[in-house]
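>>> With the input below, show me the fold.
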Amino acid sequence: MQQLFIELYLDEDVDVLLAQLVRARGFSSVTTQEAGWLGATDEQQLIYAASQHRALLTHNQVDFESLHQAFVASSREHSGIIIAARRSPYEIVRRLLLILNQVTADEMQNQLRYI
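Okay, here's the model as predicted:
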């Protein structure tokens with residue numbers, strides 16, 4: 001699938017304000033709440049994000065590093081995972097825009113990035 005811009009899926013531990021800030025800059029973003037996936041396991045969240053061709057944004061480094069490794073080991077694909085250190089939503093968006101403006105969705109496929 002050729003997709004130029006990364007579209008985001010925000011894990012439930014990410015401030016929903018981030019979705020609004022990302023959208024205000026012209027990028028697609030969906031929260032867990034909007035998608036109706038509150039309370040789903042981390043693996044279910046990643047599978048859902050992949051089914052929607054969206055990179056998953058999370059603060060949950062430990063679990064999503066493990067999931068990424070498990071997906072790679074079993075040749076399963078995802079649309080990318082971005083792990084953000086806990087900072088203000090404005091600082092996270094500033095860092096996130098570096099990826100969104102420089103990395104295509106195809107390049108993000110199966111990648112794990114940190115901001």
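
>>> and stretch 89-100, what's its mean pLDDT?
Averaged across stretch 89-100, the pLDDT comes to 97.

>>> For stretch 39-58, list every residue counted as buried.
By 16 or more other Cβ atoms under 10 Å, the buried positions in stretch 39-58 come out as 40, 42, 45-50, 53-58. C-beta coordinates here come from the backbone N, C-alpha and C atoms, glycine included.

>>> Using TSV, lay out those residues together with secondary structure and pLDDT.
Listed next are the buried residues of stretch 39-58 as TSV, based on DSSP: H, G, I helix; E, B strand; the rest coil; pLDDT from 0 to 100:
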residue	secondary structure	pLDDT
40	coil	97
42	helix	98
45	helix	98
46	helix	98
47	helix	98
48	helix	98
49	helix	98
50	helix	97
53	coil	97
54	coil	98
55	strand	98
56	strand	98
57	strand	98
58	strand	98
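
>>> For residue 84, state which of those is nearest.
Set against residue 84, the nearest of the buried residues of stretch 39-58 by Cβ to Cβ is residue 57 (6.2 Å).

>>> where's that closest one relative to residue 113, distance?
10 Å (Cβ to Cβ, to the nearest Å).

>>> which residues do these two both contact?
Counting by Cβ atoms under 8 Å, 6 or more residues apart in numbering, the contacts common to residue 57 and residue 113 are residue 82.

>>> ok, the spatially closest residue to residue 93 that is not a sequence neighbour - contacts?
Setting aside the residues directly before and after it, residue 93 is nearest to residue 21 in space (Cβ to Cβ, 6 or more residues apart in numbering), at 4.5 Å. Contacts for residue 21 (Cβ under 8 Å, 6+ apart) come out as 89-90, 93.

>>> Show me the helices in this protein, by range?
Using DSSP state H, the helices found in the chain span residues 17-24, 32-35, 42-51, 61-73, 89-102, 105-108.

>>> Output those helices in a markdown table; the columns should cover distance to residue 79.
What follows is the helices of the chain, written out as a markdown table (distance: least, Cβ to Cβ, whole Å):
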| stretch | distance to residue 79 |
| --- | --- |
| helix 17-24 | 15 |
| helix 32-35 | 14 |
| helix 42-51 | 5 |
| helix 61-73 | 11 |
| helix 89-102 | 13 |
| helix 105-108 | 7 |
